[in-house]
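Asker: Give the three-dimensional model of this entry:
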Amino acid sequence: LLSQGKYSQAEVLSWKALEGLERKLGTEHLATSTSMSSLAIALYSQGKYEEAHKLNLQAAETRPEIL
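Answerer: Numbering: from 1, shown residues only. Below you'll find the predicted structure:
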């Protein structure tokens, strides 16, 4: 959806995916962190810069612990 420019739809699905991953895998799993980054792209593409920035920071803070 992101590559098709359907950012609003991507945001909705990305939120659902992130919530599911957090429940199943936890907040410190690589898949969860990657999902946060994808959601941040969808948000940024819609001009929701502050929210996108917060998610990117959260994803970046998690990744060093994972790797």
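
Asker: can we go C-alpha only for contacts and neighbour counts from here?
Answerer: Will do.

Asker: Give the other helices and strands that the helix-or-strand element of the chain with minimal mean pLDDT contacts.
Answerer: Least confident element among the helices and strands of the chain, by mean pLDDT, DSSP states H and E: helix 49-66 (a mean of 86). In terms of contacts (3 or more C-alpha pairs under 8 Å, 6 or more residues apart in numbering; DSSP states H and E), helix 49-66 is packed against helix 30-45.

Asker: The helix it packs on vs helix 49-66, what angle?
Answerer: 160 degrees (axes from the mean of the first three to the mean of the last three C-alpha atoms, to 10 degrees).

Asker: unless I'm mixing things up, Thr32 is touching Leu25, no?
Answerer: Yes. Taking contacts as C-alpha atoms under 8 Å, Thr32 lies within contact range of Leu25: 7.3 Å.

Asker: quick revisit: which positions in the least confident helix or strand of the chain come out as buried?
Answerer: Counting neighbours by 16 or more other C-alpha atoms under 10 Å, one finds that the buried residues in helix 49-66 are 52-53, 55-56, 58-59, 62.

Asker: Return the distance of Ser8 relative to Leu2.
Answerer: 9 Å (C-alpha to C-alpha, to the nearest Å).

Asker: so what's in contact with those two at the same time?
Answerer: Here Ser8 and Leu2 have Ala42 as joint contacts, going by C-alpha atoms under 8 Å, 6 or more residues apart in numbering.

Asker: In the protein, where is pLDDT below threshold?
Answerer: 64-67 (pLDDT under 70).

Asker: before we move on, the earlier item: now, which of the buried residues of helix 49-66 sits nearest Leu21?
Answerer: Using C-alpha to C-alpha, Ala59 comes nearest to Leu21 of the buried residues of helix 49-66, at 13.3 Å.

Asker: check contacts around the residue lying closest to the closest one once chain neighbours are set aside.
Answerer: Nearest non-adjacent residue to Ala59, counting by C-alpha to C-alpha, 6 or more residues apart in numbering: Ser33, 4.8 Å away. Listed by C-alpha under 8 Å, 6+ apart, the contact partners of Ser33 are 27, 58-60, 62-63.

Asker: Next one: Ser33 from Glu61, what distance?
Answerer: 9 Å.
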